[in-house]
Structures are given as structure tokens and as C-alpha cells.
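[1] how would this look folded up:
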Amino acid sequence: MVLLLFTANFPYGATEKTFLEVEIQHLHSVFERVILVPRNIPGNRSPIPNGIEVDKSYSTYLNSTIGRLSGSISVLQSLGFYQEIFLRPNLLLYPKSIIRLASFYGGAYLTSRWVKSWIKDNDHLKKKLIFYTYWLDQAAMGIGLVKQQHPEICLVSRAHGYDIYPEHYFKHAFWPGRRETLTYLNQLFPDSEAGTRYLRESYPEFASKIQTNLMGVPDTDFLNRPSQDGVIRIVSCSMLRPEKRVGEIFEGFRHAARLYPKQRFEWYHIGNGETRFELQKLADETLPTNAKAYLPGYSDKQSLIRFYRDTPLDVFVNLSTTEGIPVSIMEAISCGI
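    Predicted structure coming up:
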């Protein structure tokens, strides 16, 4: 079997690397061919196992001038776009929601065009194909549109957080084309029991297609040792985004240090974001003398595990408003933190 895995950017950029660098090794051992199809190509390419293929033509097409123009024209001709507005007429009052709706249907249309072309060029593989979208988004919808003409292809998708719980991520809580997308899918794999319950309750007619598929991390050959020098060391790991509430972790850390002036504290936050330097400056200027904060930025998995091995740590903290099955917590547990 041949697997086409549609990603947001993997193996480029850091967004999905934490999730996929482990899974891709397993997929490589199961399928004859694995072809990564990123939507965007930011930054440098991450190392991937020998034999894994990367098709950049999808990203090139989506981001080309002709692709964007075709996508814009297709939205005006899309029945689904107008049906969504008919169902939610209040969207007309919110330009950002209309733009999100148009972007979804434009992206789905362009995906369908690219997939049709790819199948035409690889017709001999048609009966051996599994299309796998890492997010339940416009790529899944676009491939589903092609599945109408090619019912022999198999379409599966994962679902994580933002693509399950729109109320946590969007001012107007809806996902365009959700029921139509679920109609096309052979199987949907949320990465948590909570996500499965949410989707089954929201779309009970598709409950038989929705099945939990947990993520995981490799075992480590060590257990982190706690601090033995009187310092309490706290670690957190996430991107610096509003839903991760890293600022609240800092506030709690600072409050604890002020509450116990005779106790020494250190806080390490692993992860990047626009507010990292601002938060580091705030920590340097406002923490009491018994506390230190370190925000070194992004770390790849190997460097993170080395840090957990070599640095005494006493507690891992996560204050996210929402998580699926957080890899960051599983990594800390695997190291005995």
C-alpha cells in the first residue's frame, strides 16, 4: 500500500515535528511507500528516514498566483460556501469569519484539483492508495471531493485540538463543511477519548467512523533525578501561544518565590513564540533574588530529552486551556519527572 500523508508543514518547520517524527518511523515500517505532502514549506527540512518521499508540488500549487486565483474563483462557484452562509447568516456581520469560510472552500477546491492531477499521473497506484490527512481540515474535504469520482481510494484523518473544538480557537465556533467531510471519510482518528466523545456527540450519525487512536513517545533508558541542592526546579514545555497560558505559569512561579523568600526556585520553559523575549525580560526585572527563569526557546526532541536527562527537575507544569493527548506531558512522564 502507498500512503500519502498530508501535513501542515512537516518535514519543514517545527509545528508538527514533535508529533510526526516518531509516527513517521512506524508508518515507514508498515507501508511500501510513504509520501509526505506538506501544505506549506517554512524553514529548513527536518531529517526523515531514508526512503520517505516528499512531494512539494502541492504546496507550490496552493501558494502560486494561479492557484490562489483559481481558489478565489472556485469559492464564488461553490454551493457549500453559500449553504454555510444560509445556515449561519450572522457570519455576514463578521468579515474574518467569511474570510475563514472562503479560505476553507478555496483550499478544499485546490486540494481536489491537485489530487485529481496526482491520481492521473499515478493511475497504476489508484487501488493501492491511502490518503491520510493529519488534521481534519480543508485537505480532508478536498480529497473527499475527489473520492466521489474515485470511490476506490481510502481516506482517513487524524483530529487533535483546534480541528475538534472550534469554540476554543475561533470567535465564531464552527467548522465549515464538517458533515460533508465526515461523509467522505472512511475513518476518523481523534488522539484522545475526550475528542472521540465530543465528535460522536456532535455528529452521532458518523459515530461508527470515529475511533480513538492515541499518540505516544518512545521509552527512555533513564529516570530524571530530582534536585538535591535545595533548589526547587520547575519545567514547562510548549509554544508560547495564548491557549498555553505560559504567562500564568510565570505569575504562579513569581508568586511562589515571593511567598517563600528563603526557598530558591528555578523555572525552565522550553518552547518558542513571539512573547519569549518579552517574558524573559519581565522575569529578569521582576523576579525576587531567590528565583531565576530560563526561556531558551525551541528544542528538538533529542536536545529536550538530553536536557531532561542531565538537569535535575522536580515538577512539570502545564496550564493549557485545552489539550488532546499532550506529547510534552508524555515526554516528561517517560523521563520520570
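[2] you'd agree Val327 is up against Val217?
    Yes: shown here, Val327 and Val217 form a contact pair, counting by CB atoms under 8 Å, at 6.3 Å. Where C-beta positions appear, they are placed from N, C-alpha and C, glycine not excepted.
[3] what's the closest non-adjacent residue to Lys262?
    Closest residue to Lys262 apart from its sequence neighbours, by CB to CB, 6 or more residues apart in numbering: Asn290 at 7.3 Å.
[4] let me know the pLDDT of the one you found.
    In the predicted model, Asn290 carries a pLDDT score of 98.
[5] what sits against it?
    Remark: with contacts taken as CB atoms under 8 Å, 6 or more residues apart in numbering, Asn290 is in contact with Ala257, Tyr260, Pro261, Lys262, Gln263, Arg264, Phe265.
[6] now which of those residues would you call buried?
    Among the contacts of Asn290, those that count as buried by neighbour count (16 or more other CB atoms under 10 Å) are Ala257, Arg264, Phe265.
[7] how close does the first one sit to Ile164?
    To Ile164, Ala257 is 37 Å away according to CB to CB, to the nearest Å.
[8] just the closest of the buried ones among the contacts of Asn290 to Val34, please.
    Top of the list for closeness to Val34, among the buried ones among the contacts of Asn290 and by CB to CB, is Phe265 at 45.2 Å.
[9] so that closest one, which of the three states?
    Taking DSSP: H, G, I helix; E, B strand; the rest coil as the rule, one finds Phe265 in the strand state.
[10] picking that back up, okay, the buried ones among the contacts of Asn290 in TSV with distance to Gln148 and pLDDT next?
    What follows is the buried ones among the contacts of Asn290, written out as TSV (distance: CB to CB, whole Å; pLDDT from 0 to 100):
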residue	distance to Gln148	pLDDT
Ala257	60	98
Arg264	64	98
Phe265	59	98
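[11] let me know the closest of these to Glu331.
    Using CB to CB, those come closest to Glu331 at Phe265, 22.4 Å.
[12] so that closest one sits against Lys292, correct?
    Yes: between Phe265 and Lys292 a contact is recorded at 7.4 Å, counting by CB under 8 Å.
[13] what score does Ala194 have for pLDDT?
    Per-residue confidence (pLDDT) for Ala194: 91.
[14] show me the contacts for Tyr132.
    Tyr132 makes contact with Leu3, Leu4, Leu5, Phe6, Val156, Ser157, Arg158, according to CB under 8 Å, 6+ apart.
[15] backbone dihedrals for it, please?
    Tyr132 has phi and psi values of phi -130, psi 110 when expressed as degrees, to the nearest 10.
[16] residue contacts, Leu129?
    Contact analysis of Leu129 by CB under 8 Å, 6+ apart lists Met1, Val2, Leu4, Ile119, Ile153, Cys154.
[17] quick one: the nearest residue to Arg264 once chain neighbours are set aside from Trp175, how far?
    For Arg264, ignoring the flanking residues on the chain, the nearest one in space by CB to CB, 6+ apart is Val231 at 4.6 Å. From Val231 across to Trp175, the span is 46 Å (CB to CB).
[18] so these two - more neighbours on which side?
    Using other CB atoms under 10 Å as the criterion, Val231 and Trp175 rank with Trp175 on top: 20 against 15.
[19] in this structure the more buried one contacts Pro166, no?
    Yes: counting by CB under 8 Å, a contact exists between Trp175 and Pro166, whose distance comes to 5.3 Å.
[20] what about Asn50, how many residues nearby?
    Using other CB under 10 Å as the criterion, Asn50 is surrounded by 6 other residues.
[21] and Gln77, by the same measure?
    10.
[22] pick out the most distant pair among the contacts of Tyr132.
    So, the contacts of Tyr132 by CB to CB: farthest apart are Leu4 and Arg158, at 13.9 Å.
[23] between these two, which is the more surrounded one?
    A side-by-side neighbour count of Leu4 and Arg158, using other CB under 10 Å, places Leu4 first with 25 against 22.
[24] distance of the more buried one from Ile210?
    Distance of Leu4 to Ile210, given as CB to CB: 22 Å.
[25] can you check Ala8 too?
    Distance, Ala8 to Ile210, using CB to CB: 22 Å.
[26] neighbour count winner among the two?
    For the pair Ala8 and Ile210, the greater number of neighbours falls to Ile210 (22 against 18), based on other CB under 10 Å.
[27] do a quick rundown of the helices in this structure.
    Secondary structure of the chain by DSSP state H: the helices cover 17-30, 57-62, 65-76, 79-87, 95-121, 138-147, 178-184, 193-202, 246-259, 276-286, 301-310, 327-334.
[28] to Arg45, which of those helices lies closest?
    Among the helices of the chain, helix 17-30 sits nearest to Arg45 (CB to CB), with 10.7 Å.
[29] so what touches that closest one?
    Taking CB under 8 Å, 6+ apart as the criterion, the residues outside helix 17-30 that touch it are 3, 5, 7, 10-11, 34, 36, 46, 48-49, 51-52, 134, 160, 215-218, 300-301, 327-328.
[30] in that helix, what counts as buried?
    Applying a neighbour-count criterion of 16+ other CB under 10 Å, the buried positions in helix 17-30 are Lys17, Thr18, Phe19, Leu20, Glu21, Glu23, Ile24, Leu27, His28.
[31] out of the contacts of Asn290, which comes closest to Thr196?
    Proximity to Thr196 was ranked across the contacts of Asn290 by CB to CB; first place goes to Phe265, at 38.9 Å.
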